[in-house]
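Just to be clear, the model below is a prediction. Sequence and coordinates:
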Amino acid sequence: MTLLRFEEFNAHPRRAAALQATLGAVPGGRLFGLWRAQIGPSMNRVTRVSLWPGEPPVAPEASNPDVASLTTRVLTILTRGETPLDPARGGIVTHRWFILPPQHVAEMVAITTEAWVGFEGDTGSEPLGLWQDRAEADPAHVLLMTWYPSLAHWEQSRFWNSAGAGPDQAARARWGALFARRRAMLLDTWVTVHGAEA
């Protein structure tokens, strides 16, 4: 079973760039993405995401002197989620967390994948996958990562903001209604925005 290791390294002040430069290798796994945030987390945070064919090891970089603290989550794939991002595409990647009752996870995944059918074409985006945190069972913690060509494309994809919509969103009413249904089953949600460069 392929697992996703989601690591948030908090660097000492002004050491995030130096730390990021050391985090590109994941021997035994595959790098999915390596980011510093544009919107949301501290400028001292570096997020590394990697895929593993089995149980991922503890990151050896935890002892790096540039690391102030490290939070690691291990997640299972719910849909998509096995194709690493090509950093040459540029753009941005959003990390959105959904908190919801565990009995609603399957329905949430079904609603989300149904909405993607029109959403991708209307917004120029590419949902990269949905994953569930193994350690957070009740309520469930589900991660969605999505690539967008730009921050403007992301802003035009907000289902609740029709005034900011793109001009060619023919399927917006359908995917917007599905995302509204998804939101109604949530206990909480938040998003961070990251540059797509590795």
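Yes, it's here.

Only alpha carbons, please: show whichever strand or helix holds residue 93 as CSV.
Using DSSP states H and E, residue 93 falls within strand 92-100. Listed next in CSV are the C-alpha coordinates belonging to strand 92-100 (Å, rounded to 0.1, in the frame of the first residue of the first chain):
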residue,chain,number,x,y,z
ILE,A,92,0.7,27.2,-7.0
VAL,A,93,-0.4,24.2,-4.9
THR,A,94,-3.0,24.5,-2.2
HIS,A,95,-3.2,22.2,0.8
ARG,A,96,-6.7,22.1,2.1
TRP,A,97,-7.6,20.1,5.3
PHE,A,98,-11.1,18.9,5.8
ILE,A,99,-12.3,17.8,9.3
LEU,A,100,-15.5,15.7,9.3
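
What strands flank it, and is each parallel or antiparallel?
Strand pairing for strand 92-100, determined by DSSP bridges: strand 140-148 (antiparallel), strand 188-195 (antiparallel).

Convert the longest one to CSV, retaining C-alpha atoms only.
Spelled out, it's strand 140-148. Written as CSV, here are the backbone C-alpha positions of strand 140-148 (Å, rounded to 0.1, in the frame of the first residue of the first chain):
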residue,chain,number,x,y,z
ALA,A,140,-11.4,12.3,10.3
HIS,A,141,-8.7,14.6,8.9
VAL,A,142,-8.6,14.5,5.0
LEU,A,143,-6.0,16.4,2.9
LEU,A,144,-6.7,17.7,-0.6
MET,A,145,-3.8,19.1,-2.7
THR,A,146,-4.6,20.9,-5.9
TRP,A,147,-2.4,22.6,-8.5
TYR,A,148,-3.5,25.9,-10.1
